[in-house]
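Engineer: Only the shape, not the letters, is given here:
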């Protein structure tokens, strides 16, 4: 979760790791309420806003929170 500071957050998803602390992330177009982070699946369905490479520092210091280790529903492997 990437907070905007106004009660909403963007949702990102790590799609790759380079070396040990460099991450490739997608950030989705939709936002979620900070009080209902479980609605992250709604943001996944909103489409990708951008792809970025970032270090783990924002997660490490608590600026960005990890709310789940999950696969977006539209990319989940079918059983």
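Structural biologist: Ah, there it is. Small disclaimer: the values here were computed from a predicted structure and weren't measured. Numbers count the residues shown, from 1 in each chain.

Engineer: Surely residue 16 and residue 23 touch.
Structural biologist: Yes: using Cβ atoms under 8 Å, residue 16 is in contact with residue 23, at 7.1 Å. Heads up, the C-betas are built off the backbone N, CA and C, glycines and all.

Engineer: quick one: which of these two has more around it?
Structural biologist: Neighbours per residue, other Cβ atoms under 10 Å: of residue 16 and residue 23, the larger number sits with residue 23, 17 against 11.

Engineer: For beta bridges, what are the partners of the most centrally placed residue in the chain?
Structural biologist: Centroid-nearest residue in the chain, with Cα atoms, centre = their mean: residue 12, separated by 1.7 Å. On DSSP bridges, the residues paired with residue 12 through beta bridges are residue 27.

Engineer: which one is residue 58 nearest to, not counting chain neighbours?
Structural biologist: The shortest distance from residue 58 to any non-neighbouring residue, by Cβ to Cβ, 6 or more residues apart in numbering, is to residue 64 (4.4 Å).

Engineer: and the one you found, how many neighbours does it have?
Structural biologist: Using other Cβ under 10 Å, residue 64 has 19 neighbouring residues.

Engineer: Tell me the secondary structure of it, please.
Structural biologist: Assigned with DSSP: H, G, I helix; E, B strand; the rest coil, residue 64 falls in the coil class.

Engineer: Equivalent analysis for residue 43, please.
Structural biologist: helix.

Engineer: Which residues are in contact with it?
Structural biologist: Residues in contact with residue 43 (Cβ atoms under 8 Å, 6 or more residues apart in numbering) are 10, 11, 28, 29, 30, 31, 32.

Engineer: Just these: which are in strands?
Structural biologist: Using DSSP state E, the members of those that fall in strands are 10, 11, 28, 29, 30, 31, 32.

Engineer: Give me the buried entries from these.
Structural biologist: Buried by 16 or more other Cβ atoms under 10 Å: 10, 11, 28, 30, 31, 32, out of those.

Engineer: Let me have these in TSV, extended by pLDDT and distance to residue 51.
Structural biologist: Output for these, formatted as TSV (pLDDT from 0 to 100; distance: Cβ to Cβ, whole Å):
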residue	pLDDT	distance to residue 51
10	86	13
11	85	14
28	90	11
30	84	16
31	84	18
32	83	19
